[in-house]
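Asks: Pasting the sequence and the predicted model now:
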Amino acid sequence: MAVLSKIRERSMFLIIIIGLALFAFVLDPSTLGDFFTSSKVNEIGEINGESISREEFVQELEDYKQQAGGQVSEMQAAKTVWDNILRKKYIKIS
C-alpha cells in the first residue's frame, strides 16, 4: 500500500519520465543534431544531397507571382514553384 501511495504522489513526475523516454526512443539523434546546427538555417529542402536555399525559393516565388499577375493564390504559387525547383534539381542531377 505504501508503494502505491508513493506512485500516486509522484504520478506527474512518472508521466514526464515515460514521455521523455518514448520521445527519445522515437527520435533519431542525427535529426536532432541537424535541427540545432546553424549551418542549415537557410536551407528549406534537399534533393540528392543538393540543398535548396530559402533565398532561391523566395526569388523564384516572387518571379512566378509577378508572371502570373496575381491570378494564383499564395499556396498555389508556392506549390508550383517548389515543384519546379525540384524538377530542375532532379533533371540537373540525372
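Replies: Done, it's in. Numbers count the residues shown, from 1 in each chain.

Asks: For stretch 44-58, list every residue counted as buried.
Replies: Across stretch 44-58, burial judged by 16 or more other C-beta atoms under 10 Å covers 44, 52, 56-57. In short, each C-beta sits where N, CA and C put it, glycine included.

Asks: Which members of those residues are the farthest-apart pair?
Replies: 44 and 56 (8.8 Å; C-beta to C-beta).

Asks: so who does residue 86 touch?
Replies: 45, 47, 52 (C-beta atoms under 8 Å, 6 or more residues apart in numbering).

Asks: rerun at 7 Å
Replies: residue 47 (C-beta atoms under 7 Å, 6 or more residues apart in numbering).

Asks: So it: helix, strand or coil?
Replies: helix (DSSP: H, G, I helix; E, B strand; the rest coil).

Asks: And it, what's its pLDDT?
Replies: Residue 86 carries a pLDDT value of 91.

Asks: now do the one 4 residues further on
Replies: Residue 90 is assigned a pLDDT of 85 by the prediction.
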